[in-house]
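Student: This is a predicted model, with the sequence first.
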Amino acid sequence: MSETVLDKEPKILVIATHACSYPGIDNAGQGHLEYPASVFVIRVPDPVLFPVDFYLKVFEMGYDGILIASCGTDSPYKKSYEKLSKRIDEVYKAMKEKGIDISRLKLTAICTVCAEHYVKEVREMYEKLKAMKAQAS
Amino acid sequence: MEKFDAVIVGGGIAGMQAALDLGDQGYKVLLLEKQASIGGTMIQLSKVFPTLDCASCITTPKMSAVSSHENITLWTLAEPKKIEPNGDRFKVTVFQKARYVNEKDCTGCGECEQACPVIIYDDGYDESLGPTKAVGVPFATAMPQKAVLHDDYCIFCGKCARACPTDAIDFTQRDKEIEVDAGTVILATGFLQTPTIKEEYGGGRFKNVITGKQMDRILAPTSPFGGVYRPGDGKIPDSIAFVQCAGSRDKSIGVPYCSAVCCMYAIKQATLLSAALPLADITIYYMDIRTFGKGHEEFYEQAKAMGVNFVRGKVAKIKEKEDGNLIVRVETFGEDGRIEEFEHDLVVLSLGLVPQWYPKGIVNVDIDETTKFIKLIKPMTDPTLTSMPGIFVAGTAGGPKDIVESIISGSAAAMKAAEWLNGKLRDAFFAKELDVKQVTN
Amino acid sequence: MSQRTQENEEPRVGVFVCHCGGNISDVVDVEKVAKTISKDPRVKYATHFMFMCSDPGQNMVAEKIKELKLNRVIVAACSPKLHELTFRKVVAKSGLNPYFYEHVNIREQDSWVHSHEPEKATEKAIRLIEGAIERLTRQNPLKPGKKKTVPHALVIGGGVAGLTAALELARRDIPVTLVEKSPFLGGRVTQIDNIYPTGEDGKDLVDDLIQKVLKNDLITVRTNTEVVDASGSIGDYQVTLKITPRGVEEDVEGLDKAIEICPISVDNEFDYGTTKRKAIYKPYPKAVPNLPAIDWNTCTRCGECLKATNNKGINLNPEFKEDTIRVGAVVMATGFKPYEPLPGEYGYGEDPNVITLPQLIRIMENMDPNSKEFIYNGRKIKKIAFIHCVGSRQIEGVHTPKEGKELNTYCSRVCCSTTLWAANRLKKRFPDIHMFDLYRDIRTYQFYEDIYEEASRNNVVFVKFPDEEIPQVKIVKDDKGLFRIETTDILLRGKTVAVPADLVVLAVGIEPNPIRDLIEIFSIPYGSGGFLLEGHPKLRPVESSMEGIFLAGTAQAPMSIQETIIAATAAAGKAATILTKPEIELSPFVASVNLDKCEGTGRCVQECEYNAIELKEANGGKKAVIDPSLCAGCGACVPVCPNRAITLEGYDIDQILAQVEGMLKGVKAE
């Protein structure tokens, strides 16, 4: 099988929320803002759903980065952001233990009209991961 | 006589919304649409402000929902000939034009259109910009997906009938009148673009002076040109001008009011154009920019940031050059207001909104003397009420509105109609009311 | 049609790729996508089509399900926000479980954002679809529960929007509780004494509505009442109300006297601070309820008022009560407040003759009707300058935001017409008055244009100032006037002009009433300016994305009275669609417990913020039990379970991991 155009690219998993960031990411599309194509979005009610090992498995699988596009404090679910932040601290701890560079994971908040903010976040992470990849090889 | 809870006149976005709301609440609705397809003006549009979602993506699901709704009966090519009170209900005489195509058999395959030798440019879906035939499915997303034969253009050669794989063409069909009984009526008859193009702007003779709706067709994914070209010679325009208030705020053409949507649609078109033609100069000549709706001012600011050029001034005259370019003469305002001339290769007239349908002779509702829209008898407290109890108005039939406002007013009219059918609104009109009770605390 | 038992069948996936009339296919090679994805052995059919959402598109899906016995369907098209539901319905109509459908977003999140990289966008589409296949082939058939609706609506706000919504709902036989935070009904419209186009007094307009509401047996009106807590969800909310006692309990003799002798004097909010009122007060003689009320924030309980009523009718130490009601839907009609200029903004607060437009309207009503001259603050007003867009259309770098707030970038819609309507009225009453109108754009839209025309006929002098320049209001007290306003006039080709004035009127914008507490209680999304956000501007224009919450009037955006009433009627209609039915379908995306794995640790019970989980005796031990009508579907309970006994339906962790892996691997074309 031949190599495809996305194979070499650093791959980013974006965890988006129904209420805020998914529409926000759509908004970037409506505004025809451009960002790297190796960004893959999944949509959940709230990232608070995921246990620590979920993130580790995603890295093991081969993703270079994970961007958690949460609702921040605007989450429609009570206290979920508080809980999510605590969980991500645990994930960072686990990453350090396993020797995974913690800059490969970022928790951010994207609102329904935060298109430009989103594009900035993914571009930044993409550039960082690209540099990291280049260094490694 | 077939019986319905509600008859809704007009299958544009307001009428469809009213039909869906009533249908969802269990009422039996008859929706009358004059054209061969529902969808109204909105289905013709490219993208819609201020979110720039594609018009078709919002409209087609609604069209689809209307046509598959168990409580909604849809009659196309149909309009009321007479609406009369009948006891506490209404008798509606419906005039339905012959389709000359058997709807049950037609599969919408388009073979008839291929076979038809008659090419016409009419002011239908493509606003005279693209060719259609004397027979065919009106447009790709039409609902119902059935062909229609236009008897005013047809030369009765029979080629379509021979081409039709299901023998659906039926020249023996005749226009008909059908009487139905209805509990309430909603008028959602919509608007037309200002029909008069002023002599100063070429009176409709300049090939590269187009209307706002034509620009929207050109920008649509289903564009008759397949891209942004000027109609005169197919050249890609690189200097485009919009003339605001070309059909509004002007007593000389009988439209003294502001049409409320032209600023936004022009800015939207300018935004889409600057994405399609990044190098083109785009200028909007305006008197006042009226971006007053939710998210509209921000949209205007975005367009300015994208480089759309806003010039305040009244366009006094447009002249056509031999190469098809236009000289636009602009009056700036004030004591020492100057007159300046600019050359553009495409000019869009941001025409206004006038009522599409006049109730005179059909139904006894009052119209507003100055604006000619259906008169709202309680504009502040009950803005869906006409002068006839039990008949309601939705969308632009009652005055210029944007899409969001039309949809909301469709829902509001449906609610009032439901109250009427429930008897409660009628009580409020005619019956004595009860004593006032105490307010808790 | 009965549902086939697809869960036991081997997956047979159909993939439909939409062109969206070029929106997708101009970038993504849709043919290649369909061809490549068909190499996945689970895919039994893959195609591409111009408009999947059109009727022929939908019919194609239905036909292929039947013809090829497909049991899983994927449409790759626009955002699921637009058409996920459309295709779920198609799939359901074809006899499949509606959740055996995945909507893949290859427009907003692919073709529109990678338009310069068509090859990459095409591969991304393939990978996204492959992820969807992995996810879908692990999907359980979901069956949404049903929930009985409480046929009762709560309307929050007693202005025109709330009154209208309540009345419309009652006319559909739905009982309504209308709560108003202040002691009196009517809202902002009562503060406008003359309304376009008829000149009707807002108090009369509102009173007509109020009388209809009060006469309706299905509506319970509660003034001085606030929502302080709520639980539950669409169809059944338990709402806690806090009732502030009125203080005046009976209509006894001497109440007018009581108001007169009350020693407390505070700014009268009804007149926007241009007059004073007492701690026991009534905003205007015909206010409803017609009993005065006591303002507990300023009342010192001195007892003077009781002297006037012979110790009757007034209770200065009443009980503050709470009450709980159950409702199926909530209409938010919480209204607006005028923008309060910053100290010093256009001289506001520096000289009493700089006032706001709402203040001017109150001053005009309170003016001596026989006066031939406009006297304000002891000064005869000969020249008035109106300044538009105060607190609206604010621009970064030009305007100053309030502390801790963002700029009001929006247009407040009604101020232009309201300003010129007031100017025309002044001109009619005081023909000698000179008026200057400093504006950016005159937005007398629709039929309001005639107000503008009349203002021009009235010789109002219009001065158009540039967007990025603030007119400078200087206090000069010279023979021309009290103020001189220096500004650039675009109409005079950018000349600097000095406008004289005795009174400066600021046409302030509209801000939503501060309802942070309600927004939190009901988890209502809001947008720019703090206005409540609609689910979708065109698909759900009067509904919040939080199900069961409806938006009426200026809590959502600046609106005229007419527009407010239309919105309130529409919102009531949408609420009626739910409340006239005995039950609603619940979201199937709720947490569920695998009882075999559950060891009753109770960790999930602690974690749940919605009291949706309880430990109950089952299978010989304590087990977690989830109430699906209370579960908000956030998934917070899932990761805390040490035994991984909880799954959020539709979002199983292993299923998502499979999807994520599918996107990483994709399907490779040879």
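Tutor: Sure thing, it's come through.
Student: how about low-confidence regions in chain C?
Tutor: C:1-8, C:668-670 (pLDDT under 70).
Student: which stretches of chain A form strands?
Tutor: Remark: strands assigned in chain A by DSSP state E are A:12-17, A:39-44, A:65-70, A:105-109.
Student: Chain C: which of those is closest?
Tutor: Nearest to chain C among the strands of chain A is strand A:39-44 (4.6 Å), distances taken as C-beta to the nearest C-beta. All C-beta atoms are positioned from the backbone trio N, CA, C, and that covers glycine.
Student: just checking, what packs against the closest one?
Tutor: Contact here means 3 or more C-beta pairs under 8 Å, 6 or more residues apart in numbering or on different chains; DSSP states H and E; on that basis strand A:39-44 packs against strand A:12-17, helix A:21-30, helix C:118-136, helix C:653-665.
Student: quick one: contacts of that strand?
Tutor: With C-beta atoms under 8 Å, 6 or more residues apart in numbering or on different chains as the test, strand A:39-44 has contacts from A:11-18, A:22, A:25, A:50, A:122, A:126, C:80, C:105, C:109, C:124, C:127-128, C:131, C:635, C:651, C:656, C:659-660, C:663-664.
Student: Can you say which of these are buried?
Tutor: Among these, those buried by neighbour count (16 or more other C-beta atoms under 10 Å in any protein chain shown) are A:11-18, A:22, A:25, A:50, A:122, A:126, C:80, C:105, C:109, C:124, C:127-128, C:131, C:635, C:651, C:656, C:659-660, C:663-664.
Student: ok, back up a step: how about the helices and strands packed on strand A:39-44, which one is nearest C:Ile37?
Tutor: With respect to C:Ile37, and counting by C-beta to C-beta, the nearest of these is helix C:118-136 at 5.2 Å.
Student: That closest one and chain A in contact?
Tutor: Yes. Counting by C-beta under 8 Å from any C-beta of the partner chain, chain A has neighbours in helix C:118-136: C:119-121, C:123-124, C:127-128, C:131.
Student: Show me what that helix is packed up against.
Tutor: Using 3+ C-beta pairs under 8 Å, 6+ apart as the test, helix C:118-136 ends up in contact with strand A:39-44, strand C:13-18, helix C:30-37, strand C:72-77, strand C:101-105, helix C:653-665.
Student: so of the ones you listed, which one's packed in deepest?
Tutor: Compared across those, strand C:72-77 shows the largest average neighbour count, a mean of 28 (mean count of other C-beta atoms under 10 Å in any protein chain shown).
Student: Name the residues that touch the helix or strand just after that strand?
Tutor: Along the chain past strand C:72-77, the next helix or strand (assigned with DSSP states H and E) turns out to be helix C:80-93. Contacts with helix C:80-93, where a contact means C-beta under 8 Å, 6+ apart, come from A:22-23, A:26, A:43, B:53, B:57-58, B:61, B:64, C:1, C:52-53, C:58, C:61-62, C:65, C:73, C:75, C:77, C:97-101, C:103, C:105, C:536, C:539.
Student: Please repeat the previous calculation with a cut-off of 6 Å.
Tutor: B:57, B:61, C:53, C:58, C:61-62, C:73, C:75, C:98, C:101, C:103 (C-beta atoms under 6 Å, 6 or more residues apart in numbering or on different chains).
Student: Closest one of the residues of helix C:118-136 next to chain A to A:Ala131?
Tutor: Distance from A:Ala131 was checked for each of the residues of helix C:118-136 next to chain A by C-beta to C-beta. The minimum falls on C:Lys120, at 19.7 Å.
Student: ok so, going back, redo the strands of chain A as a markdown table? Include mean pLDDT.
Tutor: Formatted as a markdown table, the entries for those read as follows, by pLDDT from 0 to 100:
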| stretch | mean pLDDT |
| --- | --- |
| strand A:12-17 | 97 |
| strand A:39-44 | 98 |
| strand A:65-70 | 97 |
| strand A:105-109 | 96 |
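Student: For B:Val92, find the nearest of those strands.
Tutor: Taking C-beta to C-beta, strand A:39-44 is the member of these nearest to B:Val92, at 46.9 Å.
Student: List, one by one, the residues from chain A near chain C.
Tutor: Within chain A, the residues that sit near chain C (C-beta under 6 Å from any C-beta of the partner chain) are A:1, A:4-6, A:26, A:29, A:32, A:34-35, A:37, A:40-41, A:44-46, A:48-49, A:51, A:57-58, A:61-62, A:76-80, A:83.
Student: Buried among those? Make that a PyMOL selection.
Tutor: Taking 16+ other C-beta under 10 Å as the burial criterion, the selection of buried members of the residues of chain A next to chain C in PyMOL is written as:
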select buried, chain A and resi 4+5+6+26+29+35+37+40+41+44+45+46+48+49+51+57+58+76+77+78+80+83
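Student: Pull out the buried residues from stretch C:213-224.
Tutor: Burial within stretch C:213-224, assessed by neighbour count using 16+ other C-beta under 10 Å, is assigned to C:213-216, C:218-224.
Student: Can you tell me which of the residues you listed end up in strands?
Tutor: Where the buried residues of stretch C:213-224 overlap with strands, as defined by DSSP E, the overlap consists of C:219-222.
Student: Can you name the residues that contact the most centrally placed residue in chain C?
Tutor: Here the mean C-alpha position of chain C is nearest to the C-alpha of C:Leu532 (C-alpha atoms, centre = their mean), at a distance of 2.5 Å. Neighbouring residues of C:Leu532 by C-beta under 6 Å, 6+ apart: C:524, C:526, C:551, C:555-556.
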